[in-house]
Each structure stands twice: as C-alpha cells, then as structure tokens.
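**Student:** I'd like to go over a predicted model; first the sequence, then the structure.
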Amino acid sequence: MPELSTFEIIFIVVVAFYILQQIIFLIGFKKKLPVNENYEPQITIIVAARNEEQNIRNCLTSLSKVNYPKDKLEILIVDDYSTDNTGQIIDEFSQKYSFVKKVIPENNIIEHPGKTNAVVNALELAKGEIIFTTDADCTVKQNWIKTQLKYFADDVGVVCGFTLQRSNSQFSGMQNLDWIYLLTVASGTINSGVPLSCIGNNMAYRRSAYDMVGGYQKIKFSVTEDFALLHKIHSETDYKIVYPAENDAVNSSEPCPDLKTLYGQKHRWGTGGLDSKFAGYFVMSWGFLSHSLFLLQIFFGSAVTVGLMFLKFISDFIFIGIPMRRFGIFNQLKYFFAFQIYFSLYVLLLPLLVIVDKKVVWKERKY
C-alpha cells in the first residue's frame, strides 16, 4: 500500500471531522424535547413590513387563520414607512379583524432606522406573554402557534423554528436546500446547549426573557437582530433555548428572485455573523477549511482525495435528506447538485467579501 502524502492525511482528518460534526448536529436535531401541552398564554405576533405589497396579503391571510383563541391573540403589523400599497393592505385586515393592528414606528427608540426599530415600536405596545415573529414574505401554518407553544417549558425562554423557501427551479431550489442545511445545524447546536444561530421569521420568546436583558435597547446593534437577541438571552439569563423540528410549525418564505438580492441577503447574514461566539467561528472556520481543501485537491489531488470528496458528498446528501424527509419534501433533493455548487462557492467567498466590505444595504437602507 503506497504511503499517504501529507495533503492526503490532512484531507482525511478534515473530512472525518466534517462528518463527525454532521453526526453531532443530527443528534441535536433529533433530540426529544420536553413539552407543555396545556400552555395557552396571551400571545403577540409581530411582523415588520417595508414595501411588501407583493407578499403582505398572503402573510396576513395565513396569520388570520392560525388555530388559536382569538381573545388571546394579538397581531401587530408594523408599516415601516412603505412607499407602496403595503399600508393600505394592512388597513384592510385591521378593519376586518379586531386582533390585527397596524403600527407606525414613529418613535426612534433604536439609533439606526429599520427593522429593529420597527419591531421595538411594536414591542412597546405588545400585550403578549409570548412574542412570535415572522416576516412579511412568509406564510404560516394553522397550527404554528400551538405547535411551538408546547415547547415553552417553565425554564425555556426562546423557541426557534424552521422556515423553508418555495422552490420550483434550480435557483430557488438550491436556496431552499441551503436554508435546510443551515437551520439543521442551528437546531442541532441549540438543542445540544450551544446556540449558534436562528432565523427571525420563525422565532418565539418570553416577554420576561426579553425584558430581563433590557430589550433591543441594551443589545449592540446588529443587522441580524434576531441572532443578537438569541445570544443575549442565552448569555445573560438562565432560560433555555430549544429548536424543535415539527412539520406543523414550518413557515414558508419567498426565495431571492435574483443573484443581486441573494448576494445582499448572504452578505447581511455574514456581516451579522461577525458577532458570533467562539463556537460559531469554529464551525464556520471548519466549513471554510473543508471547502478550501476540496478546491486545492484540483492541484494536489489523488485517488484518495477524490474518494474523500465522494464520501463528503454522500454525507451532505444524508445530512440534508433527514430533515427533508421529516418535512415531507424529500422530492426536492433534485436540487442537490445545484446546492452543492452554490454552497461550496459562498462558503469560500463570503468570509472574504465580508472582510472587504462590512457595509450592508437592506430595504433601501445602509448600515
């Protein structure tokens, strides 16, 4: 048997640890979490909307149909100074449903204008014991609230959820698989006691936990405000954070329509990720290293490294296939090859782009 080269040995170690990470993430993802079936508190759903006339009607229609006692439900839709018909559509629903209310973010509570300030203006009015958040381009399932609420055991302060993207092409499909991959990592790490990330378009938290950390006013400004709140509650309170994976609580979101929008989204997430803790940087760095080696194998590769690439490919397929089967979308694995190319490219390029340019443009606003 020929002696392995230094590069091949490094490759073996990197791939072995990469697969080990995925196994650890899946263990956390599949972890059985305690439930509190009879918990039925007053809740507030907050949606910040800016120029969302194409999406807000579908969002509000789905929210108005949630299966929850309407006398315990409050939906606050923040019209963040939209210049299209978003405000008028919100008015239609607020006039039709007593539990839907329109909010204008007139108070500059947060130094930077934008989504965080819009959410805080709504929180100043919110009456709910539990705050749910989603986005204006999302739709929710009827049992979203009840499904996530049951995970609020007495010691739980935050319950995160999955959001999938609607997909009917290779471009939208690769985005959806990317979200599944990233959110499975988030679920696995959170359920293992190491919160790394979450997504604000499917998130719920105790108002008491929010108040304990001083609200967004006491949190360093971030373009990913949900991520910042998650870490603040984790580091400064005794509340636990959980990330269940139930099909009844999976929200749907619109994919980015073009490369420019997709780049803006990834750049914003990457910039927000600069505030990660050590564990977050470790996971991101290992992903960067893994894909760097796969690129280098073009120049230094061998039959061994090609075999390891195939092994990594199979591991990714299994890793992403498990949550897809749970959510009933296994047929979308037809987008897996496009996802692999896309995932490899941005894992390598995004850190470099964020280092070069930390300015974020989101909803016509610069940060």
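**Tutor:** Ah, there it is.
**Student:** which parts of the stretch 1-150 of the chain are strands?
**Tutor:** Ranges of strands in the stretch 1-150 of the chain, per DSSP state E, counting those that start in this stretch, are 43-49, 73-79, 100-103, 130-135, 138-139.
**Student:** now for I90: which residues touch it?
**Tutor:** 49, 56, 60, 77, 79, 100, 102 (CB atoms under 8 Å, 6 or more residues apart in numbering). C-betas here are computed from N, CA, C, even on glycine.
**Student:** what's the PyMOL line that selects buried ones from those residues?
**Tutor:** Buried subset of the contacts of I90, written as a PyMOL selection, criterion 16 or more other CB atoms under 10 Å:
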select buried, resi 49+56+60+77+79+100+102
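**Student:** show me the domain layout of the protein.
**Tutor:** What automatic domain parsing lists as the domains of the chain is 6-28+274-356, 36-272.
**Student:** picking up where we left off before, nearest to S197, out of the strands of the stretch 1-150 of the chain?
**Tutor:** Nearest to S197 among the strands of the stretch 1-150 of the chain is strand 130-135; the distance by CB to CB comes to 15.0 Å.
**Student:** and for the closest one, what's in contact with it?
**Tutor:** Contacts for strand 130-135 (CB under 8 Å, 6+ apart): 41-48, 59, 63, 119, 123, 140, 144-145, 148-149, 152, 200-207, 210, 226, 251, 253.
**Student:** now those: which count as buried?
**Tutor:** Buried by 16+ other CB under 10 Å: 43-48, 59, 63, 119, 123, 140, 144-145, 148-149, 152, 200-207, 210, 226, 251, 253, out of the contacts of strand 130-135.
**Student:** about what we covered before: could I get the strands of the stretch 1-150 of the chain as CSV with mean pLDDT and distance to K312?
**Tutor:** Shown next, in CSV, are these (pLDDT from 0 to 100; distance: least, CB to CB, whole Å):
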stretch, mean pLDDT, distance to K312
strand 43-49, 97, 39
strand 73-79, 97, 43
strand 100-103, 97, 47
strand 130-135, 97, 33
strand 138-139, 96, 32
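**Student:** which one of the ones you listed lies closest to I318?
**Tutor:** With CB to CB as the measure, strand 138-139 is the member of the strands of the stretch 1-150 of the chain nearest I318 (28.2 Å).
**Student:** tell me the strands beside the closest one, with direction?
**Tutor:** strand 251-253 (antiparallel) (DSSP bridges).
**Student:** pull out the buried positions in stretch 294-307.
**Tutor:** The neighbour-count check on stretch 294-307 (16+ other CB under 10 Å) flags 294, 297, 301, 304-305 as buried.
**Student:** these: which two are farthest apart?
**Tutor:** Longest span within the buried residues of stretch 294-307, CB to CB: F294 and V304, 13.2 Å.
**Student:** surely Q297 meets A303?
**Tutor:** No. Applying CB atoms under 8 Å, one finds Q297 not in contact with A303, separated by 10.9 Å.
**Student:** counting neighbours, what do you get for the closest residue to Q142 other than its chain neighbours?
**Tutor:** Setting aside the residues directly before and after it, Q142 is nearest to N67 in space (CB to CB, 6 or more residues apart in numbering), at 4.6 Å. Applying other CB atoms under 10 Å, we find 12 other residues in the vicinity of N67.
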